[in-house]
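**Q** What follows is a protein structure lacking sequence information:
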């Protein structure tokens, strides 16, 4: 039996896919809503179903989180005590990493090798935040003209709504859950209906390690209950990753009641190639990062800006590299790129490709559903050349394996083109000269600038965007700041623990 058929024939190991995790126990839905069908993106077949939450289910989850924060011990534990739960979560996730990798591959389409590597990195994030229990300045003593002892204390922000998309749900949830739990917040985690598997495994681990009731509550629902979660006055903070369109609506809803929010949104990230750099190296980088998640990555470098006298040469190189990519079953070790996650995603990507052709860009490679793959939501990796900077495919997030090559007159023009979209998430500059790289990096309007590669540092330094790509930062020590409120405490004498 092949590796793919072996994994697909293995029974789903989820213990309670028909229930929600609320107040420390698995709870049956209060509404008679049809379950969500989760589809294997490579076979187009249903491989499990999960419960769908209604308004009463979401209300119960919010109430449990509010109760645990207002009346439980969780916010008042020492940070080191909460850190031990994070370490146990890391151990539990590491033990079930193969299972979670299979879920991610089947739901979203990355190769199994990539999924396995990614699942090994997730526990490291929980361990990183556990280490912050000792190193983060939770209490910062200061001077006061009115009191003998003064300090600014980092208090937990309260009840957190964590909302994640389907493309990398476990990783994106981690950047919310780990700092939220460490700081003493309680959480309502809303799962993506298309890809809940890994997060249900995480929930089972949370139950196993004895996370106190109400600290983590997990439901799966559609837009209606998501809006309910965002608007509920019992929720103090919203951590959202998803489209810029939805992010704007969340910002408005949160602002109406001055709730805190962090938004990690869409991108149309630019790679600025200067005239001194090896084009073959650029082509290798762009190909590798684009096929790794079938382009379903908000930080993908989907606009490559090259000097106009090198444009044709680079288009030929990148087109050849994309054409050589082997598409197929993501469990096959020979496969370099799997399918996109859903039929609607495949349809949307193909429509964007048609728009690119219609608006006059040159289709260099790809552009179709591969003829040899009749099942699965596959799209050929696609390269456009001679793309106008204002064209639809150069301005809108496609969220698929489509790259636009845009010619530039000079370095200043390249920077202007790179900054000429509503987005500002990720970017890169390719040059052998670090001084030129620094010069360009300082002028790019993006949350991250990588030198000679696709570089995103979420674990140690944090990640986020500017303009319509987001608000605030996740990851690193900055990620903790998103889940605390500073409180100034002025006392007539120092508490014993600070003497």
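**A** Perfect, I can see it now. What you see is a predicted model, and the numbers here were worked out from it, not measured in a lab.
**Q** in the stretch 351-499 of the chain, what spans have low per-residue confidence?
**A** Across the stretch 351-499 of the chain, no stretch falls below the confidence threshold (pLDDT under 70).
**Q** Let me see the ranges of the helices in it.
**A** With DSSP state H, counting those that start in this stretch as the definition, the stretch 351-499 of the chain shows helices at residue ranges 392-395, 411-418, 434-443, 478-481.
**Q** Contacts for the last one next, please.
**A** With contacts defined as CB atoms under 8 Å, 6 or more residues apart in numbering, helix 478-481 is touched by 129, 132, 136, 154, 175, 178-179, 182-183, 461-462, 473. Heads up, the C-betas are built off the backbone N, CA and C, glycines and all.
**Q** returning to that earlier point: for the helices of the stretch 351-499 of the chain, which one sits closest to residue 234?
**A** With distances scored as CB to CB, the stretch of these nearest to residue 234 is helix 478-481 (22.6 Å).
**Q** surely residue 230 meets residue 252?
**A** No - with contacts defined as CB atoms under 8 Å, residue 230 does not count as touching residue 252, sitting 9.8 Å away.
**Q** Which of the two has more residues huddled nearby?
**A** Counted by other CB atoms under 10 Å, residue 230 and residue 252 do not tie: residue 230 has more neighbours, with 22 against 10.
**Q** List the contacts of that one.
**A** For residue 230, the contact set (CB under 8 Å, 6+ apart) comprises 161, 163, 238, 250, 253-254.
**Q** Quick check: phi and psi on the residue most central in space within the chain?
**A** Per CA atoms, centre = their mean, the C-alpha nearest to the average position across the chain is that of residue 172, at 3.9 Å. Geometry field for residue 172 lists phi and psi as phi -70, psi -30, criterion degrees, to the nearest 10.
**Q** which among the contacts of helix 478-481 end up buried?
**A** When the contacts of helix 478-481 are checked for burial by 16 or more other CB atoms under 10 Å, the buried set is 129, 132, 136, 154, 175, 178-179, 182-183, 462, 473.
**Q** Restricted to strands, list these.
**A** Counted as lying in strands by DSSP state E, out of the buried ones among the contacts of helix 478-481, are residue 154.
**Q** which SSE is residue 162 in?
**A** Using DSSP states H and E, the element containing residue 162 is strand 159-163.
**Q** what does that strand contact?
**A** Counting by CB under 8 Å, 6+ apart, the neighbours of strand 159-163 from elsewhere in the structure are 62, 65-66, 69, 173, 176-177, 180, 185-190, 226, 229-230, 234-242, 483.
**Q** I'd like to know which of the residues you listed are part of strands.
**A** 186-190, 237-241.
**Q** Adding neighbour count as columns, could you present those residues in a markdown table?
**A** Putting the ones in strands among the contacts of strand 159-163 into a markdown table (neighbours: other CB atoms under 10 Å) gives the following:
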| residue | neighbour count |
| --- | --- |
| 186 | 28 |
| 187 | 27 |
| 188 | 27 |
| 189 | 28 |
| 190 | 27 |
| 237 | 24 |
| 238 | 24 |
| 239 | 29 |
| 240 | 28 |
| 241 | 25 |
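**Q** now, among the residues you listed, which is nearest to residue 268?
**A** Proximity of the ones in strands among the contacts of strand 159-163 to residue 268 (CB to CB) peaks at residue 241, which lies at 16.4 Å.
**Q** Please verify my assumption that that closest one contacts residue 164.
**A** Yes - applying CB under 8 Å as the test, residue 241 and residue 164 come out as touching, 5.4 Å apart.
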